[in-house]
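Visitor: Need the 3D shape of this:
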Amino acid sequence: MARACPVGFDIARLRAEVSETYDQVARAPDGDFHFHRGIDYACELLGYDRRELEALPAETVASFAGLANPHRIGPMEPGWTVVDIGSGAGTDLLLAAGRVGPSGRAIGVDMTQAMRELATASAAKMGYEHVEVREGVSEELPVDDASVNVVISNGVLNLSPDKEQAFREIWRVLVPGGRLYLGDVVVTRELSLDARSDIDLWAA
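Guide: Predicted coordinates:
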């Protein structure tokens, strides 16, 4: 099964389209999108704790657009470092920050400026000085080698044009025995070359 985009695929255009979509989600989460968003979706369909989400800034949770709940996979202990790939508006990132506490670190990585700004502002509202949001993509994480206890990602790696490289980056940044809590789209059959070459399908 293909784990990378076809030769000649316009990666820059893909990233621009994805970033434009999530820029709109950050600025107007009640807009017309093809995917679910917000607190009711997160709690009723994905099993998030409503009390935990209500404790976060409302504007961050309104822009939540994940498709799973990586926090149900395993623990995040006080003092640990967590990296959230494609951290978006910061819902999962801020939940992680609450779990690792001020002795830990929560690092968000996202390529969309409006999302980074929203997540950073929300962390400041929470008084979370141990949160940092960095510009980056899954194939080139701006994170040191062997420095992370848990990597989380929620519906983002399916957008990667080179999934093998994205997973190499995850293994690079994890400490020995580190953990990956991943929620994402899985395709169980081989897609045609035409489908894998269609940027609109990738970005959908």
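
Visitor: Which residue would you name as the spatial centre of this protein?
Guide: residue 86 (2.8 Å; CA atoms, centre = their mean).

Visitor: and the closest residue in space to that residue that isn't next to it in sequence, what does it touch?
Guide: Nearest non-adjacent residue to residue 86, counting by CB to CB, 6 or more residues apart in numbering: residue 156, 3.0 Å away. All C-beta atoms are positioned from the backbone trio N, CA, C, and that covers glycine. By CB atoms under 8 Å, 6 or more residues apart in numbering, the contact set of residue 156 is 85-86, 138, 184.

Visitor: in stretch 143-152, what's buried?
Guide: Applying a neighbour-count criterion of 16 or more other CB atoms under 10 Å, one finds 143, 148-152 buried in stretch 143-152.

Visitor: can you check stretch 17-26 too?
Guide: Buried-residue list, stretch 17-26, by 16+ other CB under 10 Å: 17-19, 21-22, 24-26.

Visitor: Show the average pLDDT along it.
Guide: For stretch 17-26, the mean per-residue pLDDT is 75.

Visitor: Restricting to C-alpha, output that stretch in PDB.
Guide: These are the backbone C-alpha positions of stretch 17-26, laid out as PDB (Å, rounded to 0.1, in the frame of the first residue of the first chain):
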ATOM      1  CA  GLU A  17      -5.000  24.200   0.700                       C
ATOM      2  CA  VAL A  18      -5.000  22.500   4.100                       C
ATOM      3  CA  SER A  19      -3.600  25.600   5.800                       C
ATOM      4  CA  GLU A  20      -6.300  27.800   4.200                       C
ATOM      5  CA  THR A  21      -9.000  25.500   5.400                       C
ATOM      6  CA  TYR A  22      -7.800  25.400   9.000                       C
ATOM      7  CA  ASP A  23      -7.200  29.200   8.900                       C
ATOM      8  CA  GLN A  24     -10.900  29.500   8.300                       C
ATOM      9  CA  VAL A  25     -11.700  27.000  11.100                       C
ATOM     10  CA  ALA A  26      -9.600  29.100  13.500                       C
END
